[in-house]
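Q: Please find the sequence and the predicted model below.
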Amino acid sequence: MIPAREALERLREGNLRWVSDVPIRDGVTSQTRRSELAEGQEPFAIILGCSDSRVPAEFVFDQGLGDLFVIRVAGNIVAPSQVDSVEFAAERFGTRLVVVLGHSQCGAILATLEALQKPTDDQSRNLRSIVDRVRPSVETLLATELRYDQDALVRESVRANIRASTNHLRSGSEVLERLVQREGLLIIGAEYSLETGLVDFFDSAAGAG
């Protein structure tokens with residue numbers, strides 16, 4: 001079992017390789033590695049990220065087969081199925097780091113802000129379900145001075161949504177709460193910059209063991 005702090009450092013180092021365009025990922029996706037993983041897996045980090053095609057976690061962190069347990073959903077929202085998936089990996093594989101990975105210019109955030117600023121009746125029920133989960137974390141920002149600066153509003157909304165998802169995982173699951181308190185599980189948020197490729201980790205020191 002890899003401790004949360006060590007797992008976090010692996011992600012940091014991998015992201016720096018990605019940004020520097022010196023990845024090593026291809027070296028760990030060989031036939032030999034595939035054969036090894038046929039017997040089982042021990043991912044060192046769980047990534048709950050956005051489905052955006054520009055943010056594949058394995059590339060962003062320069063990791064290979066079997067390294068990451070990745071859950072992707074538009075807007076990196078936390079619904080029951082996402083909680084279940086995180087619980088499963090944390091318990092089954094002993095993974096001790098969970099990262100909620102959002103990103104700049106997130107389409108789900110933009111859609112939510114658009115729905116709040118210019119409501120319409122023709123939004124699909126399924127899209128509305130995503131918007132409704134993002135809404136609480138960004139709605140209050142529209143009551144601040146940020147409403148006059150769209151770029152700043154989007155930027156802060158992305159970060160607020162990441163924090164909301166992170167807090168949901170920390171406090172919305174008895175299993176995860178127990179693992180945090182007794183087993184060294186660390187749940188943090190992070191934001192990927194589409195423009196630079198860098199990942200900014202939030203609260204990275206809290207609870208790391």
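A: Alright, I've got the coordinates. Numbering: from 1, shown residues only.

Q: If you tally nearby residues, what's the number for the closest residue to residue 203 other than its chain neighbours?
A: In this structure, residue 203 finds its nearest non-sequential neighbour in residue 188, 5.2 Å apart by Cβ to Cβ, 6 or more residues apart in numbering. Just so you know, the C-beta spots here come from the backbone N, C-alpha and C atoms, and that holds for glycine as well. Burial of residue 188 is recorded as 23 neighbouring residues (other Cβ atoms under 10 Å).

Q: List the strands paired with the helix or strand harbouring residue 100, with their directions.
A: In the assignment (DSSP states H and E), residue 100 maps to strand 97-103. Pairing partners of strand 97-103, with direction, according to DSSP bridges: strand 45-49 (parallel), strand 186-192 (parallel).

Q: what mean pLDDT does that strand have?
A: Averaged across strand 97-103, pLDDT comes to 98.

Q: helix or strand right after that strand?
A: By DSSP H and E, the next helix or strand past strand 97-103 is helix 107-117.

Q: helices and strands around that following helix, which ones?
A: With contacts taken as 3 or more Cβ pairs under 8 Å, 6 or more residues apart in numbering; DSSP states H and E, helix 107-117 sits against helix 125-139, helix 150-171.

Q: Buried deepest among those helices, which one?
A: Of all the helices and strands packed on helix 107-117, helix 150-171 has the most neighbours on average by mean count of other Cβ atoms under 10 Å, namely a mean of 19.

Q: Please list the outside residues in contact with it.
A: With Cβ atoms under 8 Å, 6 or more residues apart in numbering as the test, helix 150-171 has contacts from 48, 75-78, 83, 86, 98, 100-106, 108-110, 112-113, 134, 136-138, 141-142, 146-147, 176-177, 180, 187-191, 202-203.

Q: Tell me which helix or strand in this protein has the weakest average pLDDT.
A: When each helix and strand of the chain is scored by mean pLDDT, DSSP states H and E, helix 31-37 comes last, with a mean of 78.

Q: Return that helix as CSV; C-alpha atoms alone will do.
A: The C-alpha trace of helix 31-37 is given here as CSV (Å, rounded to 0.1, in the frame of the first residue of the first chain):
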residue,chain,number,x,y,z
GLN,A,31,2.9,-6.4,-23.2
THR,A,32,4.8,-7.4,-20.1
ARG,A,33,2.9,-4.9,-18.0
ARG,A,34,-0.4,-6.0,-19.5
SER,A,35,0.3,-9.6,-18.6
GLU,A,36,1.2,-8.6,-15.0
LEU,A,37,-2.0,-6.7,-14.6
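
Q: what's that helix packed up against?
A: If contacts are counted by 3+ Cβ pairs under 8 Å, 6+ apart, helix 31-37 sits against no helix or strand.
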